[in-house]
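# would you be able to build a 3D model of this:
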Amino acid sequence: MALQLNHLSFQFHKFPSFSLPPMASIRSPTVFMASTLRSGSKSPSSEVHVQVTHSMPPQKIEIFKSMENWAEQNILVHLKPVEKSWQPQDFLPDPASDGFHEQVKELRERAKELPDDYFVVLVGDMITEEALPTYQTMLNTLDGVRDETGASLTSWAIWTRAWTAEENRHGDLLNKYLYLSGRVDMRQIEKTIQYLIGSGMDPRTENSPYLGFIYTSFQEREHGDMKLAQICGTIASDEKRHETAYTKIVEKLFEIDPDGTVLAFADMMRKKISMPAHLMYDGRDDNLFDHFSAVAQRLGVYTAKDYADILEFLVGRWNVEKLTGLSGDGRKAQDYVCGLAPRFRKLEERAQGRAKEALTIPFSWIFDREVKL
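Take a look at the predicted model:
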C-alpha cells in the first residue's frame, strides 16, 4: 500500500475502481444520462450510464435531522482549529527568506533522484486533490445533510465546509512542491485540473447520505526524499481524522437503521467505489485515468489487494457479520458484502497469474516522457 521512496514511505488515500460482482437492487424511476463532452476530443464521452437521483425515501431524512446533536458531539470533534493546523508554507521554501533560491535548488536536486513513474502517481494524486470543488458539490447533493444556504449552522453543513477547508491545503501543498521540482509540465497539469473540475464526478450515490458516507468512508481509508515523505505523512494524518469521522457516521447509521444501511453498503459495493478523478483528461489521452491507475497499481500504491483490505476493515469496523434482525433482502446484502473481500483476493491472484508485459506510453504531465504501465 505504501510507495517506497529512498527507504521512506508515503501513502495516498484515493483508490481506482475495480469491477464487482452484480447484485439486484431496486432503482428510482428518476434517471438521466450522464456524459462528459470534451472540446477537441475524438471520444464523445468518458462515461455514459443511467444515473439515479433521490433514491432515499423522504421519511429517512428525519434520521439525519435526529442525528444533528450527535454529529456535533461526535463528528465535529475531528476537525482541527485553523490556528492549530499546518499550512502548506510550513513545508516549502520561504520566498521571503534570503536563502529561498538555495532552498529551491536543494529541493530540485532531491527531486532529480525520483523516477518518472513516481511523478506520474504524485501528479495524479495532486490533480485528484485539486478537484476539491467537485467533492464539496457532491456532499451538498446528499439529502438531509446538505448545506442549504452556503453558511448553514447545522452540524452537517459545518462539517462539510470545514472538511473542505482542511482538504484544500493538500492540493495546495502538492501543487507547489511539483511546481518547484521542475520535473513536471505544469501547464498540462493545470489543463487536466480544469478539465476534471468541469467534468465533475459521479460516484452513483443517488443523493443518499447512506451511499455518500459509505463512499467517503472507503475513500478516506487510504492515503524518498525526506521533505516529500514528510509532506505525504502530514496529508495522511489529516485523512486519518477524516476517515474516523466518516466511519463513525456509518457506524451510527448501522445502529439506527441496520437494514437500510447494509442494503446501501451492498449497493455501493455492487456499483464499485470509483476514484473521484475517474473523469480525468488532459486534452490528449482519452484513457488517462486508466493509464495513471495502471502505473499506480504497478508501483503498489493501490491495488486490488488494498481494495479488499479496506473492504475487510470496514466490514469488521461496522460489525456487518454480526447484524441481526435483518429483512430477507438485508440478509442477502449482508452475505454479499461479507463475501466480497475473499472474492477480490482470488481475483487479484488470478490477475497476477495472467499478467502480461506492460505497455509503455507517454504522459503529458512529464513532458511526454514514456512510462511503463
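# dump the residue contacts of P58.
Contacts for P58 (C-beta atoms under 8 Å, 6 or more residues apart in numbering) come out as D143. Using the backbone N, CA and C atoms, a C-beta is placed for each residue, glycine as well.
# er, R204 actually
Contacts of R204 by C-beta under 8 Å, 6+ apart are 51-52, 211, 268, 271, 274.
# out of the residues you listed, who's nearest A358?
Nearest to A358 out of these is S274 (C-beta to C-beta; 22.6 Å).
# wait, doesn't the closest one sit right on P203?
Yes - taking C-beta atoms under 8 Å as the contact criterion, S274 and P203 are neighbours in contact, 6.2 Å apart.
# more neighbours: which of the two?
Neighbour count, other C-beta atoms under 10 Å: between S274 and P203, P203 has more, with 24 against 20.
# pLDDT weak spots in this structure?
Scanning the chain for pLDDT under 70 picks out the ranges 1-49, 222-230, 353-356.
# how about the helices of it, start to end?
61-66, 68-74, 100-111, 116-130, 132-139, 155-181, 186-199, 209-220, 226-256, 258-271, 288-298, 304-317, 328-338, 340-353 (DSSP state H).
# so how far is the longest one from its chain's centroid?
Average the C-alpha atoms of helix 226-256, do the same for its chain, and the two points are 11 Å apart (C-alpha atoms, centre = their mean, to the nearest Å).
# give me the helices and strands touching that helix, please.
Secondary-structure packing of helix 226-256 (3 or more C-beta pairs under 8 Å, 6 or more residues apart in numbering; DSSP states H and E): strand 8-10, helix 68-74, helix 100-111, helix 155-181, helix 209-220, helix 258-271, helix 304-317.
# what residues sit buried inside the last one?
Under the neighbour-count criterion of 16 or more other C-beta atoms under 10 Å, helix 304-317 has 304-315 buried.
# same thing with the longest one?
Going by neighbour count (16+ other C-beta under 10 Å), the buried part of helix 155-181 is 155-164, 166-178, 180-181.
# please name the nearest non-neighbouring residue to D143.
N207 (5.0 Å; C-beta to C-beta, 6 or more residues apart in numbering).
# check contacts around that neighbour.
Applying C-beta under 8 Å, 6+ apart, the residues near N207 are 53-56, 141-143.
# let's see 10 Å
28, 30, 52-56, 138, 141-144, 146 (C-beta atoms under 10 Å, 6 or more residues apart in numbering).
# mind putting the residues you listed into CSV with distance to E102 and neighbour count?
Listed next are the contacts of N207 as CSV, based on distance: C-beta to C-beta, whole Å; neighbours: other C-beta atoms under 10 Å:
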residue, distance to E102, neighbour count
S28, 60, 14
T30, 60, 12
V52, 56, 20
T53, 55, 14
H54, 57, 13
S55, 57, 20
M56, 56, 23
M138, 42, 20
T141, 48, 17
L142, 48, 22
D143, 54, 20
G144, 53, 19
R146, 48, 19
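# I127: which of these is nearest?
Nearest to I127 among the contacts of N207: M138, at 16.6 Å, using C-beta to C-beta.
# hang on, the closest one packs against S208?
No - between M138 and S208 there is no contact under C-beta atoms under 10 Å: 11.8 Å.
# anything in contact with each of the two?
Y215.
# A358 against E370, yeah?
No - taking contacts as C-beta under 10 Å, A358 lies outside contact range of E370: 11.3 Å.
# thought V82 was touching A162?
Yes - under the criterion of C-beta under 10 Å, V82 makes contact with A162 at 9.1 Å.
# now do the contacts for the nearest residue to A294 once chain neighbours are set aside.
Leaving out its chain neighbours, the residue that sits closest to A294 by C-beta to C-beta, 6+ apart is L373, at 4.0 Å. Applying C-beta under 10 Å, 6+ apart to L373 gives the contacts 117, 120, 290-295, 297-298, 358-361.
# now do K305
Here K305 is in contact with 1, 297, 341, 344-345, 347-349, 352 (C-beta under 10 Å, 6+ apart).
# residue contacts, D368?
Taking C-beta under 10 Å, 6+ apart as the test, what D368 contacts is 185, 188, 284, 361-362.
# just the ones in strands from the residues you listed, please.
361-362 (DSSP state E).
# buried ones among the contacts of D368?
185, 188, 361.
# okay if I get these as TSV plus distance to I63?
Listed next are the buried ones among the contacts of D368 as TSV, based on distance: C-beta to C-beta, whole Å:
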residue	distance to I63
D185	48
Q188	45
I361	48
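# let me know the closest of these to L107.
D185 (17.8 Å).
# hmm, V123 and that closest one touching each other?
Yes - here D185 lies in contact with V123, judged by C-beta under 10 Å, at a distance of 9.2 Å.
# that'll do, ta.
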